[in-house]
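Chemist: from the sequence below, what's the structure:
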Amino acid sequence: STNAQTLEGRLLNTVNANPGAEIASDAEKLEYISSAGLRVLMKLRKQVGKALPVVNVSPEVYDIFDMTGFTELLDVKKRLREIDLEGCEMIGSGGYGKVYRIDAETIAKIYSPSISLAFVEQERATSQKAFLMGVPTAISYDVVKCGDSYGVVYELLNARTTAQIISEDPSRIPEISGLPNRKEKLLKWVDSLSDFITEAEGEKIKHFIRGIPDRDTFLHGDFNAKNIMVRDGEFQLIDIGDAAIVHPVFDVAGLMLVYIIIPASRGGARSDDDLKRLLGFDFEYAPKVWGLRCGTYFGLSDPRQIGEVTQKLMPYCLLMMTFQAISTRGEDAAGIRVRVDRVLRDRLLPAIDAAQPLEF
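Modeler: Below you'll find the predicted structure:
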């Protein structure tokens, strides 16, 4: 109440001195805001011409924003709950981070420090939306902070992954062979590589992506045995933050990447222990799991026919591999250029030339 006018002058002078700059308010140390303070933020919003981000808002101050309707006028974000993993058991790991058991009812997926808050919030929102649509998956709770990393808290399912079942009893592989719009994301990814690939290369990859038929199929986004759990005899999906509606080739090609391409790296970039950690079971079972999943999906049992389908899927599998391999997260330009040369130019582009149209 006493310093609102002074603060208003400082804020507006700063905005005027930096035209076009992104403006945000960090409310971490804000304990109270009066009507005068709210009006300062309203003037600031009018000055910048769009919703003003106000982050790290305490629950008490958030209630003031909410009751006054300012959550509709400003982009208000509550302060993230901070958690401590000391003494917590790590129960899984993946490409984006690690999973810890928090208590008897919840787990936390903690992302690598290089993963942005926006990415984590999007994954949590997608998981929640999928659950509300009726997809058999875990309930997602809040986004949390853990040191320099962000994470999402989920319901702890009283279940085991299909990867654990395969590892414990490979004879049960046939029991778990059933398969329960990423295109726009991939097209934007190609555009993000404009500094590393030629215009012709970019158009070639985008033409290939656009040529994939549109479908309204639910896509998991990371469909493999570690993300399929069995609870009371029923399948449940976890880690669906990258779900989408699109052609099923993306999930099928993702399976092929996990069970064909990754095991082929044995003895090179990955050790046997690395492969077992990534797959969830011994790598020797991977071809059998792929053969059964591929055969079940396409209605095939002849190994020769499954091999032919595998070859047809190779360009799409390499597209997924390239997308995962080339990321600007925490990597400098030199590292991206190396991956562009080794993966995109040496493998993906030649595969696109030999690609056949999808028939399913």
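Chemist: where along this protein do the strands fall?
Modeler: Ranges of strands within the chain are 25-26, 53-57, 75-78, 81-82, 89-93, 97-101, 106-111, 140-146, 149-155, 160-161, 217-219, 228-231, 234-237, 244-246, based on DSSP state E.
Chemist: mean pLDDT lowest where, among these?
Modeler: Averaging pLDDT over each of the strands of the chain singles out strand 160-161 as the lowest, with a mean of 73.
Chemist: tell me which other helices or strands that strand touches.
Modeler: Helices and strands touching strand 160-161, as assessed by 3 or more Cβ pairs under 8 Å, 6 or more residues apart in numbering; DSSP states H and E, comprise strand 228-231. (C-beta placed from N, C-alpha, C; glycine too.)
Chemist: how far is the strand it packs on from where the chain is centred?
Modeler: Its chain's C-alpha centre lies 20 Å from the corresponding centre of strand 228-231 when counted by Cα atoms, centre = their mean, to the nearest Å.
Chemist: mind listing what's buried in it?
Modeler: Neighbour counts over strand 228-231 (16 or more other Cβ atoms under 10 Å) mark Ile228, Met229, Val230 as buried.
Chemist: tabulate the residues you listed (TSV), appending distance to Ile209.
Modeler: Below are the buried residues of strand 228-231 laid out as TSV (distance: Cβ to Cβ, whole Å):
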residue	distance to Ile209
Ile228	27
Met229	31
Val230	34
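Chemist: out of these, flag the one nearest to Ile64.
Modeler: Distance to Ile64, by Cβ to Cβ, is smallest for Met229 among the buried residues of strand 228-231, at 41.7 Å.
Chemist: number of residues surrounding the nearest residue to the closest one once chain neighbours are set aside?
Modeler: Leaving out its chain neighbours, the residue that sits closest to Met229 by Cβ to Cβ, 6 or more residues apart in numbering is Ala159, at 3.9 Å. Residues lying near Ala159 (other Cβ atoms under 10 Å) number 17.
Chemist: in terms of pLDDT, where does Ala159 sit?
Modeler: pLDDT, Ala159: 73.
Chemist: now Gly268
Modeler: Per-residue pLDDT puts Gly268 at 60.
Chemist: ditto for Thr328
Modeler: For Thr328, pLDDT reads 49.
Chemist: shaky segments in the protein?
Modeler: In the predicted model of the chain, residues 175-180, 266-269, 328-331 satisfy pLDDT under 70.
Chemist: can you rerun that using 50?
Modeler: Applying pLDDT under 50 to the chain flags the ranges 179-180, 328.
Chemist: so who does Leu117 touch?
Modeler: Leu117 is in contact with Val143, Tyr150, counting by Cβ atoms under 8 Å, 6 or more residues apart in numbering.
Chemist: mind checking how far it is from Val152?
Modeler: According to Cβ to Cβ, to the nearest Å, Leu117 stands 11 Å off from Val152.
Chemist: who touches both of those two?
Modeler: Residues touching both Leu117 and Val152 (Cβ under 8 Å, 6+ apart) are Val143.
Chemist: ok, the closest residue to Arg347 other than its chain neighbours - contacts?
Modeler: Among residues not flanking Arg347 along the chain, Leu318 sits closest, at 5.4 Å (Cβ to Cβ, 6+ apart). Taking Cβ under 8 Å, 6+ apart, we find Leu318 in contact with Arg347, Leu348, Ala351.
Chemist: ok, and the most crowded of those residues?
Modeler: That'd be Leu348 among the contacts of Leu318, by other Cβ under 10 Å, with 24 neighbours.
Chemist: related to what we said a few turns ago, give me the subset of the contacts of Leu318 lying in helices.
Modeler: For the contacts of Leu318, the ones inside helices are Ala351, with DSSP state H as the criterion.
Chemist: center of this protein - which residue?
Modeler: Closest residue to the average C-alpha location of the chain: Asp242 at 4.4 Å, with Cα atoms, centre = their mean.
Chemist: surely that one touches Phe250?
Modeler: No: counting by Cβ atoms under 8 Å, Phe250 is not a contact partner of Asp242; they are 10.0 Å apart.
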